[in-house]
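K.L.:
What follows is a predicted protein model with its sequence.
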Amino acid sequence: MKNMTDIQTFYPLILALFAAGATGLMGSFALMKKMTLAGDTMSHIALPGLGLALVLKLNPVIGAAAALALGALLIWQIENHSKLATETTIGVIFAAAIAIGALVTPSEDIIEALFGGEGAVSLGTLLLYIVLSLVVIGFVLRYRNQLVLGLFNADLATTTGIKVSRLNLAYYLMFALTLILGLRFLGTLLVGALVIVPAATARQLTRTLAAFLGGSATLSMLSVGLGYWLADAYNLQAGPTIVSIAAGLFVISLFFKKD
């Protein structure tokens, strides 16, 4: 029993590392799609869902997932039926989400909702998050070429048989799932940073798509690993420590930028 308890102390770290790998890969395409700021703002769409779930005594992850899925569908619909830029669309939804989230989230839970928590993780939760992380990773690896083609030449992608609109919807839903994976340990305020910063760092250091994707995932996981270690060693909050490490790696990368 003691050994099992010792193993369980590593569950949050294992969960975070798998989530970081998925987030790093998805962040690479967010950067290429010029959705870096959108990634940060879209994470706040989860706040109303979290707040309502807490009020209704439901699992907060369920509420966040419902809110992000609805947000992804709304963004996709507006993008298809208006001339607004993606970031403009997300910005409007973001403003509404923050207002509604602030109204419905209990004041005693707002800090954890914004910055994440460090509670115990059950084996079932760990396995679920691992599976969901692998779903995101599998999606990126399976459709990376189609995503790149649709991104840089939508007309050519259509002529080759790629259903660009459907692919974009799948991407937004996977993007929402990626944010859900990070909410547990980073909260709505910081999870977007794990999408943006490692990808921006990898962009400075790599030349090929494969290296960019791998570098982004690796840097994301490195930030999480170092962040958890420092937080445990110096009694710090894990979420802000992780983001600080990621930002520090970005600053260092500026001195080693590829030609």
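P.N.:
Looks like it arrived, so ask away. Predicted, not measured: the structure shown is a model, and the values here were computed from it.
K.L.:
going forward, measure contacts and count neighbours with C-alpha atoms only.
P.N.:
Will do.
K.L.:
so how far is Ile252 from Leu194?
P.N.:
Per Cα to Cα, to the nearest Å, Leu194 is found 17 Å from Ile252.
K.L.:
neighbour-wise, which of those two wins?
P.N.:
Neighbour count, other Cα atoms under 10 Å: between Leu194 and Ile252, Leu194 has more, with 31 against 11.
K.L.:
What's the separation between that one and Ser133?
P.N.:
14 Å.
K.L.:
how about the helices in the stretch 1-150 of the chain?
P.N.:
Applying DSSP state H, counting those that start in this stretch to the stretch 1-150 of the chain gives helices spanning 2-8, 11-32, 36-42, 46-55, 60-81, 86-104, 110-115, 123-152.
K.L.:
Mean pLDDT lowest where, among those helices?
P.N.:
If you rank the helices of the stretch 1-150 of the chain by mean pLDDT, helix 110-115 sits at the bottom with a mean of 51.
K.L.:
Nearest the middle, which residue of the protein would you pick?
P.N.:
Leu179 (3.3 Å; Cα atoms, centre = their mean).
K.L.:
In terms of helices and strands, where is that one?
P.N.:
helix 164-205 (DSSP states H and E).
K.L.:
now that helix against helix 46-55, angle please.
P.N.:
110 degrees (axes from the mean of the first three to the mean of the last three Cα atoms, to 10 degrees).
K.L.:
Show me what secondary structure element comes after helix 164-205.
P.N.:
helix 209-234.
K.L.:
Now do the buried residues in that following helix.
P.N.:
212-231 (16 or more other Cα atoms under 10 Å).
K.L.:
Quick check: buried residues in stretch 46-65?
P.N.:
Buried-residue list, stretch 46-65, by 16+ other Cα under 10 Å: 46-54, 60-61, 63-65.
K.L.:
Dump that stretch to PDB, restricted to CA.
P.N.:
Coordinates of the C-alpha atoms in stretch 46-65 are reproduced here as PDB (Å, rounded to 0.1, in the frame of the first residue of the first chain):
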ATOM      1  CA  ALA A  46     -13.600  27.500 -20.300                       C
ATOM      2  CA  LEU A  47     -14.300  29.800 -17.300                       C
ATOM      3  CA  PRO A  48     -18.100  30.000 -17.600                       C
ATOM      4  CA  GLY A  49     -18.300  26.200 -17.900                       C
ATOM      5  CA  LEU A  50     -16.100  25.800 -14.800                       C
ATOM      6  CA  GLY A  51     -18.200  28.300 -12.900                       C
ATOM      7  CA  LEU A  52     -21.500  26.700 -13.800                       C
ATOM      8  CA  ALA A  53     -20.200  23.200 -13.000                       C
ATOM      9  CA  LEU A  54     -19.000  24.400  -9.600                       C
ATOM     10  CA  VAL A  55     -22.400  26.000  -8.900                       C
ATOM     11  CA  LEU A  56     -24.200  22.800 -10.000                       C
ATOM     12  CA  LYS A  57     -21.800  20.600  -8.000                       C
ATOM     13  CA  LEU A  58     -20.600  18.900 -11.200                       C
ATOM     14  CA  ASN A  59     -17.100  17.900 -12.200                       C
ATOM     15  CA  PRO A  60     -15.500  21.200 -13.300                       C
ATOM     16  CA  VAL A  61     -13.700  19.500 -16.200                       C
ATOM     17  CA  ILE A  62     -17.100  18.600 -17.700                       C
ATOM     18  CA  GLY A  63     -18.200  22.200 -17.600                       C
ATOM     19  CA  ALA A  64     -15.000  23.400 -19.100                       C
ATOM     20  CA  ALA A  65     -15.100  20.800 -21.900                       C
END
